[in-house]
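> here is a sequence with its predicted model. Questions after.
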Amino acid sequence: MTTLTLVRSEPAPPLMDQVRDIAGSDILPIVGEIDRDGVYPEAAMRKLGRAGAFAQHVSWGGPSTDSGTGVGAAIDAMSAVGEVCLSTAFCMWCQDALAWYIACSDNDGLKRKLLPEVSTGTVLGGTGLSNPMKRFCDIEPLRLKGTRVAGGYRVKGVLPWVSNLGPDHHFGGVFELNDKPGHFVMAIIPCASEGLTLGSNTQFVALDGTRTFSVQMRDVFISDDLVVADPIDGYLKRIRPGFVLLQSGMAFGLIEGAIALMEQAKTTLHHVNKYLPEQPEQFREKLAAMRAKVAKLSETPFDTSTAFWREVLETRLIAGDATVAAAHAAMLHQGARGYVSTGAAQRRLREAYFVAIVTPATKQLRKMLADIDCASSCGGH
């Protein structure tokens, strides 16, 4: 008689447990190589994708509307990795942003075909919106120009900084039509496109493991089925709060890591560190307040009001400033042990400055807030 054996599959651990396991087993052991040698954590990124880290803020039919998950859960996953390595956390943000672009579009074909692959880490990619965000803030000109042709567009130009890229990756790009100045189109662009070249950039002081390239496009054909918005106006207002809020995960993770370094130093240096003006308990309190604020804002990421956008920008500015302050304090608490080439404190300080300069940078955030205030005060004149 044949005996039938039933194999019961164990349910997958909760997302945050899986993310923390991956951070500890797959990222922490190579964090030095990521920092010093520019190693790209591709295997860890794909593993995070399989765990669901890039799918929390989107669904394959569109953006998540459940306030219990969504953007807040994506931020939490990024933060858990950022406690260990900001390079990987930044790559996660790039991936989350790419998924966000597709999920927020009206392109059902992309949602059906590409979104499942991006949100599970099968297809990796970047954002490409640094230049457009600066263009729409009157900081620099748009670097991509397009011409309408049969079935799509031909695009030319160079983007100096796009991260989380590779030969089989994708990124979001915005181009202006040559014959219609002021008409902007956004599309998802495959790095494997004919006429597209990835170029190496100067070595950075940190985050060199993020596969950041210059992207040169020579008459690259972008088919209509890759377009997420044409024109971009209303779409941009929908995606920008989520785009900025998601960056909080990088800030929160690094602040958590800095607090851990400060607390670690207590074991042998508390007798002298207690005289430093900033203590880990103060940063813990600030971090809790920031997390609560971001969680609240993340419940309504599609609010397009000026007041909400201002809150998002203010919160992002506070998070960036707090990140640099926490990493600076960690360096002082660690002292000489943090100042050696293998010290975690000096790495975290170098990483922290990236949170303050990644688009939208501290100076851009301040300009954007000033522009909003100016528009408000001059509105009736």
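Perfect, thanks for sending it.
> domain parsing for the protein?
15-124, 126-232, 235-378 (automatic domain parsing).
> which stretch among these is buried most, on average?
Among these, the stretch with the highest mean neighbour count (mean count of other Cβ atoms under 10 Å) is domain 15-124, at a mean of 21. C-beta coordinates here come from the backbone N, C-alpha and C atoms, glycine included.
> chain center to that domain, what's the gap?
9 Å (Cα atoms, centre = their mean, to the nearest Å).
> one step back: mean pLDDT for the domains of the chain: which is lowest?
Mean pLDDT per stretch puts domain 15-124 lowest among the domains of the chain, at a mean of 92.
> end-to-end on that one?
Distance between the two ends of domain 15-124: 19 Å, counting by Cα to Cα, to the nearest Å.
> identify the single longest helix in the protein, thanks.
Taking DSSP state H as the criterion, the chain has its longest helix at helix 306-334.
> can you name every helix or strand that that one contacts?
helix 233-245, helix 248-273, helix 280-297, helix 336-339, helix 344-357, helix 362-378 (3 or more Cβ pairs under 8 Å, 6 or more residues apart in numbering; DSSP states H and E).
> looking at those, spot the one closest to Val39.
helix 344-357 (13.9 Å; Cβ to Cβ).
> could you give the angle of the closest one to helix 306-334?
160 degrees (axes from the mean of the first three to the mean of the last three Cα atoms, to 10 degrees).
> can I get the CA coordinates of helix 344-357 in CSV?
Output of helix 344-357 as CSV, limited to C-alpha atoms (Å, rounded to 0.1, in the frame of the first residue of the first chain):
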residue,chain,number,x,y,z
ALA,A,344,32.1,52.3,10.9
ALA,A,345,31.7,55.9,12.2
GLN,A,346,33.7,57.5,9.4
ARG,A,347,31.8,55.4,6.8
ARG,A,348,28.5,56.5,8.3
LEU,A,349,29.5,60.1,8.3
ARG,A,350,30.5,60.0,4.6
GLU,A,351,27.3,58.2,3.8
ALA,A,352,25.3,60.8,5.7
TYR,A,353,26.3,63.6,3.5
PHE,A,354,24.8,61.8,0.6
VAL,A,355,21.3,62.1,2.2
ALA,A,356,21.9,65.8,2.3
ILE,A,357,23.0,66.1,-1.4
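> got the angle for it vs helix 248-273?
140 degrees.
> could you give the angle of helix 344-357 to helix 362-378?
30 degrees.
> and helix 344-357, what does it pack against?
helix 86-103, helix 248-273, helix 306-334, helix 336-339.
> name the residues that touch it?
When contacts are defined by Cβ atoms under 8 Å, 6 or more residues apart in numbering, helix 344-357 is touched by residues 31, 35, 86-87, 90, 205-207, 247, 250-251, 254, 257-258, 261, 319-321, 323-324, 326-328, 330-331, 333-334, 337-340, 362.
> how far does that helix sit from the chain's center?
With Cα atoms, centre = their mean, you get 15 Å for helix 344-357.
> then stretch 337-351?
With Cα atoms, centre = their mean as the basis, stretch 337-351 stands 23 Å off its chain's centre.
> equivalent analysis for stretch 216-229, please.
23 Å.
> end-to-end on that stretch?
22 Å.
> which residues does it contact?
Here stretch 216-229 has contacts from 101-102, 104-107, 109-110, 144, 146, 149, 151-159, 172, 175, 185-190, 193-197, 199, 235-236, using Cβ under 8 Å, 6+ apart.
> let's see that with 7 Å instead.
With contact meaning Cβ atoms under 7 Å, 6 or more residues apart in numbering, stretch 216-229 is reached by 101-102, 105, 107, 109-110, 144, 151-158, 185-189, 193, 195-197, 199, 235.
> can you check stretch 130-149 too?
153-159, 161, 173-178, 185, 217, 359-360, 364, 367-368.
> which of the residues you listed fall in helices?
Gln364, Lys367, Met368.
> could I get those as a markdown table with distance to Lys286?
Output for the ones in helices among the contacts of stretch 130-149, formatted as a markdown table (distance: Cβ to Cβ, whole Å):
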| residue | distance to Lys286 |
| --- | --- |
| Gln364 | 23 |
| Lys367 | 24 |
| Met368 | 23 |
